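Colleague: here you go, sequence then predicted model.
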Amino acid sequence: MRDAVAEERDVQAGAAWTLIRGDACEELAALEPESAGFSIFSPPFSALYTYSDSVRDIGNCRGDDEFAEHFGYVAAGLFRVLQTGRLCSVHLMDLPTSIQHNGHIGLRDFPGLVTRSMCAAGFIYHSKVIIWKNPVTAMQRTKALGLLYKQVQKDSSMARQGIPDEVRTFRKPGENKARLKRTPNEMPLASDKCPDGWDKRHNWQNYASPVWMDINASDTLQRTSAREDNDERHICPLQLEVIRRCVQLWSNPGDVVLSPFAGIGSEGHEAIRAGRRFVGVELKDSYYRQAVKNLTRAESEMDAKTLFSDPVAFAEASQ
């Protein structure tokens, strides 16, 4: 089978972004220490999905133990590159087991695995938000036994709830010297205090909620152009509104936002639109090429001159 990732390292850049085609572990080790103000990403979900046949692909593992070993190097690299007192948000979900692969039907605590790896690298487990997903849509997509209505009629001991997305956020210990201050104009307390024309979702009460009920699961970058015929079964993009909220809450205008698994550039797309800079790493060539297009387009839609002359005004104008 043809290797679906590029054999050679490559770097593409714009005025506000840099994207590297390469191995996340190697590239994180080459970045400047304490150079990123925030990190957000969706990692490969252990061995659940096959993204490529490369031996460098962290998703090509024989199980959770092997994934945890490899992810530990990524977590250590993130700890080194992130600024003291700053945060890293990771998109996660419990993973279903199957009789074919696991000998039973149930769930695996993948968020717990990643949390243990991040804490072992030195991070503090900071927060968690649940992202609601429609169980009917999940049933139609996955045909999961536990979500089928006929299973309730047959034997409800095998019925279960849908699996929500999570964003778990981790903090690098120490004092954050660059305060992340939000004014009432930037983040009103509640929807009824939002200025006219403001997106009513972007208020503190929504951000502080432990469950985000209003995330549109289809609010993602177009991704079919990054698919290849023989080396993947699924792609799980992080919703743009989730990225938007995390970037707005946990980074400052002008900060470097880092993604070690950049995919097709979703995190960078929203970072640029929020007046931040972006550094991403992506191993798979088709994703890398699509990410370059998406980041170039995002930057062309924004006023790069304003970004560098007045990043605060740029961030406010982009809301």
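Modeller: Structure's in. What do you need? Note that the coordinates shown come from a computational prediction; the quantities given were computed from them, not determined experimentally.
Colleague: correct me, but Val11 touches Ala30?
Modeller: No - Val11 is not in contact with Ala30 according to Cβ atoms under 8 Å; the separation is 11.0 Å. For the C-beta atoms, the positions are set from N, CA and C on the backbone; glycine is no exception.
Colleague: all strands of the chain, in order?
Modeller: In the chain, strands defined by DSSP state E lie at 10-13, 17-21, 36-41, 82-92, 95-97, 106-108, 124-131, 165-171, 211-212, 256-259, 277-282, listed in chain order.
Colleague: nearest to Glu299, of these?
Modeller: Closest approach to Glu299 among the strands of the chain is made by strand 17-21 (6.6 Å; Cβ to Cβ).
Colleague: and the angle from the closest one to strand 277-282?
Modeller: Counting by axes from the mean of the first three to the mean of the last three Cα atoms, to 10 degrees, strand 17-21 lies at 10 degrees to strand 277-282.
Colleague: and the contacts of strand 17-21?
Modeller: Residues outside strand 17-21 that contact it (Cβ atoms under 8 Å, 6 or more residues apart in numbering): 6, 8-13, 27, 262, 265, 268, 271-272, 277-283, 285, 288, 291-292, 295, 299.
Colleague: for the closest residue to Arg9 other than its chain neighbours, the count of nearby residues, please.
Modeller: Among residues not flanking Arg9 along the chain, Gly22 sits closest, at 4.5 Å (Cβ to Cβ, 6 or more residues apart in numbering). Gly22 has 20 neighbours, counted by other Cβ atoms under 10 Å.
Colleague: what pLDDT does Gly22 get?
Modeller: The confidence metric pLDDT takes the value 93 at Gly22.
Colleague: residues in contact with it?
Modeller: Gly22 is in contact with 9-10, 281, 283, counting by Cβ under 8 Å, 6+ apart.
Colleague: show me which of those residues is closest to Val90.
Modeller: Set against Val90, the nearest of the contacts of Gly22 by Cβ to Cβ is Val281 (15.0 Å).
Colleague: what's across from the most centrally placed residue in the chain in the sheet?
Modeller: Nearest to the geometric centre of the chain sits Phe41, at 2.7 Å (Cα atoms, centre = their mean). The partner list for Phe41 in beta bridges (DSSP bridges) reads Val90.
Colleague: I'd assumed Ser266 was in contact with it.
Modeller: No - when contacts are counted by Cβ under 8 Å, Phe41 is not listed as touching Ser266 (9.2 Å).
Colleague: overlap of the contact sets of these two?
Modeller: Shared contacts of Phe41 and Ser266, defined by Cβ under 8 Å, 6+ apart, comprise Leu238.
Colleague: rewinding a little: so which of the strands of the chain comes closest to Gln205?
Modeller: strand 211-212 (11.6 Å).
Colleague: which residues sit against the closest one?
Modeller: 129-132, 206, 242, 245.
Colleague: filter the residues you listed down to the buried ones and express that as a PyMOL selection.
Modeller: Buried subset of those, written as a PyMOL selection, criterion 16 or more other Cβ atoms under 10 Å:
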select buried, resi 129+131+206+242+245
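Colleague: okay, the contacts of strand 211-212 in a markdown table with pLDDT next?
Modeller: Listed next are the contacts of strand 211-212 as a markdown table, based on pLDDT from 0 to 100:
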| residue | pLDDT |
| --- | --- |
| Val129 | 98 |
| Ile130 | 97 |
| Ile131 | 96 |
| Trp132 | 94 |
| Asn206 | 91 |
| Val242 | 96 |
| Arg245 | 95 |
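Colleague: ok, so of the contacts of strand 211-212, who is nearest Lys193?
Modeller: Nearest to Lys193, judged by Cβ to Cβ, of these is Asn206 at 12.0 Å.
Colleague: and that closest one, what is it in contact with?
Modeller: Here Asn206 is in contact with 191, 212, 214, 245 (Cβ under 8 Å, 6+ apart).
Colleague: OK, contacts around the nearest residue to the third one once chain neighbours are set aside?
Modeller: The shortest distance from Asp214 to any residue that is not its chain neighbour, by Cβ to Cβ, 6+ apart, is 6.0 Å, and that residue is Arg201. Counting by Cβ under 8 Å, 6+ apart, Arg201 makes contact with 191, 214, 241.
Colleague: repeat for Pro33
Modeller: 80-81.
Colleague: how near is it to Gln83?
Modeller: 9 Å (Cβ to Cβ, to the nearest Å).
Colleague: quick revisit: list only buried entries from the contacts of Gly22.
Modeller: The buried subset of those - by 16+ other Cβ under 10 Å - is 281, 283.
Colleague: nearest to Ser157, of the contacts of Gly22?
Modeller: Nearest to Ser157 among the contacts of Gly22, counting by Cβ to Cβ, is Leu283 at 41.8 Å.
Colleague: what pLDDT does that closest one get?
Modeller: Confidence score, pLDDT, at Leu283: 91.
Colleague: the one 3 residues further on now?
Modeller: Predicted confidence (pLDDT) at Ser286: the value is 89.
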